[in-house]
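A.B. asks: here is my input, please return the structure:
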Amino acid sequence: MIRVGVVGDYDPGNETHQATDAAFVHASAALGVPAMGTWTGTDQLAVGATHLLEHFDCLLIAPASPYVSTEGALAAIRYAREADIPVLGTCGGFQHMVLEVARDVLGYRDAGHAELDPEGERLVITPLSCSLKGQAMPVTLVEGSVVAAAYGREQTTERYYCDFGLNPAYVDDLAGAGLVVTGTGPEGEPRVVEAPGHRFFVGTLFVPQSLSSPASPAPLVTALLAATNR
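C.D. replies: Here you go, the predicted structure:
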């Protein structure tokens, strides 16, 4: 049994949360290995209670933000990064993976998210030039990357639910900290980040689980589960 910790504030009416639960079922069937996702609210992790995550084999940082506790989400990401636990962040999860690396690896303690602090001086997450909510858009994946290997190709079309993304001004800084852009939009905009030195540390601005089905499981959810055996 693969035990997946889903870090996020579960809303049964949120279609991306419904899709996340379903994606584990699809990926589990594809791998022939039972898997179970268990949600942990960000407020439960707000005081650094990452011991609540220790029995999970991997983590998924869920879509739909702002989270009840930003610090709880960041604590979970830091735990996964430092303990080399496979982790996938989608939409808000992507944004907070970037924020965690900026703060805890680069040492930018004032690194901010424009949705949470629009007037922040060092905004690593900023509004997109155009909202991507409800859109399916092409993504180009870097050859040899973890995400390209998961898809088995270098082009995909994915669905988005967000208005905020990685500020391009920090792409080089993040790469120096070990978090590199491996997927881009039509104009070269950052859409996927990963940490090559990690067992599986991938963030996507899109929500891959939203297109998952029994016949076509989400490749990155399947890759996340498979990474627990490495």
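A.B. asks: all strands for the protein, in order.
C.D. replies: Ranges of strands in the chain, per DSSP state E, are 2-7, 35-40, 58-61, 87-90, 111-113, 122-127, 136-141, 155-159, 164-166, 180-184, 190-194, 201-204.
A.B. asks: just those strands: most buried one?
C.D. replies: Burial of those is given as mean neighbour count (mean count of other CB atoms under 10 Å); strand 87-90 ranks first at a mean of 30. Using the backbone N, CA and C atoms, a C-beta is placed for each residue, glycine as well.
A.B. asks: and the contacts of that one?
C.D. replies: Around strand 87-90, the neighbours that count as contacts under CB atoms under 8 Å, 6 or more residues apart in numbering are 16, 58-63, 77, 80-81, 95-97, 200-204, 206-209, 220-221, 224.
A.B. asks: likewise stretch 116-125?
C.D. replies: 66, 70, 95, 98-99, 102, 108, 110-115, 164-167, 170, 174.
A.B. asks: quick one: average confidence on stretch 55-64?
C.D. replies: Per-region confidence: stretch 55-64 scores 96 on mean pLDDT.
A.B. asks: pull the longest helix from the protein.
C.D. replies: In the chain, taking DSSP state H as the definition, the longest helix is helix 15-31.
A.B. asks: residue 26 is nearest to which of the strands of the chain?
C.D. replies: Within those, the stretch nearest residue 26 is strand 35-40; the backing value is 10.0 Å (CB to CB).
A.B. asks: done for today, thanks.
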